[in-house]
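Visitor: can you look at this prediction? I've put the sequence above it.
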Amino acid sequence: MAAPATLSLRPCATLAPSRSALPAARFASSSRPAPSLSISCPPRRFKSLRRALAVGSDQQATAASSVKEEKPRTYYFLVANAKFMLDDEEHFQEQLQEKLRLYEERSMEQDFWLVIEPKFLDKFPNITKRLKRPAVALVSTDRNWIRFMKLRLDRVLAEQFDAETLEEALASNPAELNFDKPDKWTAPYPKYESGWWEAFLPPKSSNGTA
């Protein structure tokens, strides 16, 4: 007779607790927003900072302006003997008068002058040896206008130089101008009076008196 079957029960494995049973903190999202950090500065510090920046900007602007003022300026000139420039070339006076009138209408500062026996000619021996004396130069800071006048006057020499001040650029040597009146004047208009160029001489200049 067969032995009766026996049934043995082993201890069951402990079931894992349900997801809902675990603490909710374990399954919370790791991307929790970081706490915000606010920094406040007293208003006085901002005012002091703005004031310091403003002072620094003003100092930089002043320094840049000083450097700019100290930089030499370039002057352009045409030169010929005084007889040609002031007595023979009739259209020269008209062109200068027209340019001066335009500047006055537009309230523009004059940037061209006539200089009789300019001292800067000592820097140009190649020019002085070709000149009859006394000489007269048309000086300006406007390069394009000097080029234009070179084409109009034709028989003049052109060059340029640098000077620290306007007084240095327009310095002149004493000279006396005397032009003989022509025996016969055939033009339909009267000849310009001697001394017309005085309106274009540098400020406080005593040269150019006929």
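Guide: Received it, and whenever you're ready, just let me know what you need.
Visitor: going forward, measure contacts between C-alpha atoms and count neighbours the same way
Guide: Noted.
Visitor: just checking: what are the partner strands of the top strand by length along the chain?
Guide: In the chain, with assignment by DSSP state E, the single longest strand is strand 73-81. Within its sheet, and counting by DSSP bridges, strand 73-81 is paired with strand 135-140 (antiparallel), strand 157-163 (antiparallel).
Visitor: most tightly packed of those?
Guide: Counting by mean count of other CA atoms under 10 Å, strand 135-140 has the highest mean neighbour count of the strands paired with strand 73-81, with a mean of 24.
Visitor: what's next to whichever helix or strand comes after it, contact-wise?
Guide: Counting by DSSP states H and E, the next helix or strand C-terminal to strand 135-140 is helix 143-153. Helix 143-153 is contacted by residues 75-78, 89, 92, 140, 156-158 when judged by CA atoms under 8 Å, 6 or more residues apart in numbering.
Visitor: contacting residues for Glu193?
Guide: Per CA under 8 Å, 6+ apart, neighbours of Glu193: none.
Visitor: what's the distance between it and Leu114?
Guide: Using CA to CA, to the nearest Å, Glu193 is found at 17 Å from Leu114.
Visitor: now do Ala175
Guide: 13 Å.
Visitor: where are the low-confidence patches of this protein?
Guide: 1-70, 187-189, 205-210 (pLDDT under 70).
Visitor: swap the cut-off to 50 and go again
Guide: 7, 9, 12-15, 20-22, 24-30, 65-68, 205-210 (pLDDT under 50).
Visitor: that older thread, and Ala175 and Leu114? Which one has more around it.
Guide: When Ala175 and Leu114 are compared for neighbours, Leu114 comes out ahead with 25 against 17, by other CA atoms under 10 Å.
Visitor: wait, the more buried one sits on Val136?
Guide: Yes - at 6.8 Å, Leu114 counts as touching Val136 under the criterion of CA atoms under 8 Å.
Visitor: straight-line length of stretch 115-125, end to end?
Guide: 18 Å.
Visitor: now do the buried residues in that stretch.
Guide: 115-118, 120-121 (16 or more other CA atoms under 10 Å).
Visitor: any chance of these in CSV, plus distance to Leu131 and secondary structure?
Guide: Formatted as CSV, those follow (distance: CA to CA, whole Å; DSSP: H, G, I helix; E, B strand; the rest coil):
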residue, distance to Leu131, secondary structure
Val115, 15, strand
Ile116, 13, strand
Glu117, 11, coil
Pro118, 13, strand
Phe120, 14, helix
Leu121, 10, helix
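Visitor: just name the closest of those residues to Thr165, please.
Guide: The nearest member of the buried residues of stretch 115-125 to Thr165, counting by CA to CA, is Phe120 at 12.7 Å.
Visitor: any chance you could map the helices in the chain?
Guide: Assigned by DSSP state H, the chain shows helices spanning 43-70, 82, 90-105, 125-128, 143-153, 166-169.
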